[in-house]
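**Q** Provided below are the primary sequence and the corresponding predicted coordinates.
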Amino acid sequence: QVQLVESGGGLVQAGGSLRLSCAASGRTLSSYVMAWFRQAPGKEREFVARISWSGGSTQYDSSVKGRFTISRDNAKSTVYLQMNSLKPDDTAVYYCAASYDSGVRTYVYDYWGQGTQVTVSS
């Protein structure tokens, strides 16, 4: 089992940047595919990005491709989401998640953090 804790959220103006971190404890992070999801008020949780256990493969939702970058440091048991050119539509609670499998649906992921709020003002 793995425990996940997100950090790095906050309030930023449109066009700004934030870097989210997800620190893992418990089982070694390198065993898992890691992903970021987000949930805006009144909306379903949606896929943002995922990264393979080695970091060699990544996938992004079209809404963030070219603006967000997912990365991982298995030695530090941490996954990152660098978010640039932020838009008000990016406002949401951001969650990291871990799974032995790979995919873009929430049910694929077995472990979730508590989330970190990102608010982008116009």
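**A** Now that the structure is in, tell me what you want to look at. For clarity, every value in this text was computed on a predicted model and none was experimentally measured. Residues are numbered from 1 along each chain as shown.
**Q** mind listing what's buried in stretch 62-69?
**A** V64, F68, T69 (16 or more other CB atoms under 10 Å). To be clear about C-beta, it is placed using only N, CA and C from the backbone, and glycine gets the same treatment.
**Q** Including distance to T58 and secondary structure, could these go into CSV?
**A** CSV is the format used below for those (distance: CB to CB, whole Å; DSSP: H, G, I helix; E, B strand; the rest coil):
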residue, distance to T58, secondary structure
V64, 11, coil
F68, 10, strand
T69, 8, strand
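**Q** Only C-alpha atoms, please: export stretch 70-77 in CSV.
**A** Provided in CSV are the C-alpha atoms of stretch 70-77 (Å, rounded to 0.1, in the frame of the first residue of the first chain):
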residue,chain,number,x,y,z
ILE,A,70,4.4,15.4,-15.4
SER,A,71,7.7,14.0,-14.1
ARG,A,72,8.8,11.7,-11.3
ASP,A,73,11.8,11.2,-9.1
ASN,A,74,11.6,7.6,-7.8
ALA,A,75,14.6,8.1,-5.6
LYS,A,76,12.7,10.9,-3.8
SER,A,77,9.4,9.0,-4.1
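**Q** Can you list the neighbours in contact with it?
**A** Around stretch 70-77, the neighbours that count as contacts under CB atoms under 8 Å, 6 or more residues apart in numbering are 23-25, 28-30, 34-36, 49-51, 53, 55, 58, 60, 78-82.
**Q** Stretch 20-33 - what's its average pLDDT?
**A** Per-region confidence: stretch 20-33 scores 89 on mean pLDDT.
**Q** For that stretch, buried residues please.
**A** L20, S21, C22, A23, A24, L29, Y32, V33.
**Q** quick one: which of those residues sit in strands?
**A** Under the assignment DSSP state E, the buried residues of stretch 20-33 contribute L20, S21, C22, A23, A24, V33 to strands.
**Q** Cool, thanks, talk later.
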